[in-house]
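Participant: My questions concern the predicted model and sequence given below.
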2 protein chains.
Amino acid sequence: MIPTITAFEASPDRGQGLARDMRVRWALEEAGQPYEVRLVSFKAMKEPAHRARHPFGQIPTYEEGDLVLFESGAIVFHIAQRHAGLLPDEPNARARAITWMFAALNTVEPPILELQTAKFAEGDKPWAGERLQLIKDRIRHRLGELAVRLGDAEWLDGAFSAGDLMMVHALQRLKPSGVLDEFPSLAAYVARGMARPAYQRAFAAQLAVFTGQSATG
Amino acid sequence: MIPTITAFEASPDRGQGLARDMRVRWALEEAGQPYEVRLVSFKAMKEPAHRARHPFGQIPTYEEGDLVLFESGAIVFHIAQRHAGLLPDEPNARARAITWMFAALNTVEPPILELQTAKFAEGDKPWAGERLQLIKDRIRHRLGELAVRLGDAEWLDGAFSAGDLMMVHALQRLKPSGVLDEFPSLAAYVARGMARPAYQRAFAAQLAVFTGQSATG
């Protein structure tokens, strides 16, 4: 059964691939699985029909027969469990790759998202400039630790995994801030992720939503 | 093989059970599994021997033979995969319970942790008071959505699962702020979690680290 995912009808990042449907598209492409997309407006996202699928009124969701999932991490994990290409078979290596999924989402991503939240929700406050520096320092601290662990390896633990997929996408959001480029090995790591054919196909698919609508609208 | 987890040698919350080893202890108690604990000082947490286990220099870690894991979410998931009592067997219900683990860690917990970060890292800034209110509003927004989904159910999706375990522990940190009590159904949900015998055993074990040291030191 071909799953259906949801994505923004009007991409807030103009198709830069930062929305979290990108993670799910990328995982499905790595797994070689077809999928369908239902676009959701900002208004529809907050209405009961969508909230039945996603209690927090966000995207992405994942529907496959009777199964409805939300949370990009949970969806990518679901795909990775059911198809080859995203998690190693050897049990210990598999547990470590899953650890990197959680680390990307719970340790590395929160300060990165806080940078964005601070800009959007507090950008007009008198403290905005000083606070952005504090948040960037928090991010630098985490990235320094991540760079030490990555060392000169290609991926975080052996072959590319769903852990790398989540980490690359979490880090990607930092690019405009310049902070990622302060860590050349991590910038190269993100570039390696983005160069993967599956990433490229997923990126093109989400960009087509934006360019298609720009052309017609 | 009995696993070894790490916990703070000097509990920053004086044994209130907010440290993340509590999640792992609770999961092991739900699963009926014995475990050993190695206490780690703040200094040792940042040294190479511990960083080899945890690249971000934190607790908890989990060691079981050759396997070394970090991130409370990943460790709880590992335990839940291998023992009964934390994830349903039916595949769709299992995927939904895992979704709640990710939702607890990636959607509900980050603003709650930001409240704490704001107090500790920015408590002396002139903006601290105004910002704490903004963060509390962000938390209220998420909790309102969570309360709608929970409704009058006992747990988030059928029987108690690792998703509830992570959610209850993430919400618990809110208690001193008073925000949790603004959502009576969620406060009752947290109380149900904390009343579980496995929670009680885990809580007593982590409290004993603090009281034992208080008595001798």
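Facilitator: Received the coordinates, thanks. Numbers count the residues shown, from 1 in each chain, chains lettered A, B, ... in the order given.
Participant: then the helix ranked longest in chain A to PDB, C-alphas only?
Facilitator: Taking DSSP state H as the criterion, chain A has its longest helix at helix A:128-150. What follows is helix A:128-150, C-alpha atoms only, in PDB (Å, rounded to 0.1, in the frame of the first residue of the first chain):
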ATOM      1  CA  ALA A 128      16.700  39.900  20.700                       C
ATOM      2  CA  GLY A 129      20.300  40.700  19.600                       C
ATOM      3  CA  GLU A 130      21.900  39.700  22.900                       C
ATOM      4  CA  ARG A 131      19.800  36.500  23.200                       C
ATOM      5  CA  LEU A 132      20.600  35.400  19.700                       C
ATOM      6  CA  GLN A 133      24.300  35.400  20.600                       C
ATOM      7  CA  LEU A 134      23.600  33.300  23.700                       C
ATOM      8  CA  ILE A 135      21.600  30.800  21.700                       C
ATOM      9  CA  LYS A 136      24.400  30.600  19.100                       C
ATOM     10  CA  ASP A 137      26.900  29.900  21.800                       C
ATOM     11  CA  ARG A 138      24.700  27.100  23.100                       C
ATOM     12  CA  ILE A 139      24.600  25.600  19.500                       C
ATOM     13  CA  ARG A 140      28.400  26.000  19.200                       C
ATOM     14  CA  HIS A 141      28.900  24.100  22.400                       C
ATOM     15  CA  ARG A 142      26.800  21.100  21.100                       C
ATOM     16  CA  LEU A 143      28.300  21.300  17.600                       C
ATOM     17  CA  GLY A 144      31.800  21.200  19.000                       C
ATOM     18  CA  GLU A 145      31.000  18.000  20.800                       C
ATOM     19  CA  LEU A 146      29.400  16.500  17.800                       C
ATOM     20  CA  ALA A 147      32.400  17.400  15.600                       C
ATOM     21  CA  VAL A 148      34.700  15.600  18.100                       C
ATOM     22  CA  ARG A 149      32.600  12.500  17.900                       C
ATOM     23  CA  LEU A 150      32.300  12.600  14.100                       C
END
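Participant: and it with helix B:128-150, angle?
Facilitator: 60 degrees (axes from the mean of the first three to the mean of the last three Cα atoms, to 10 degrees).
Participant: so the residue of chain A most remote from its centre is in which element?
Facilitator: Farthest-out residue of chain A from its mean C-alpha position, per Cα atoms, centre = their mean: residue A:126, at 30.9 Å. For residue A:126, there is no host helix or strand (DSSP states H and E).
Participant: Find the nearest non-adjacent residue to it, please.
Facilitator: residue B:127 (7.2 Å; Cβ to Cβ, 6 or more residues apart in numbering or on different chains). Yep, even glycine has a C-beta here, placed from its N, CA and C like the rest.
Participant: Tell me the buried residues in the longest helix of chain A?
Facilitator: Neighbour counts over helix A:128-150 (16 or more other Cβ atoms under 10 Å in any protein chain shown) mark A:131-132, A:134-136, A:138-139, A:142-143, A:145-147, A:149-150 as buried.
Participant: just those now: which is nearest chain B?
Facilitator: Among the buried residues of helix A:128-150, residue A:149 lies closest to chain B (Cβ to the nearest Cβ), at 3.7 Å.
Participant: wait, isn't the closest one in contact with residue A:163?
Facilitator: No: counting by Cβ atoms under 8 Å, residue A:149 sits too far from residue A:163 to count as a contact (11.7 Å).
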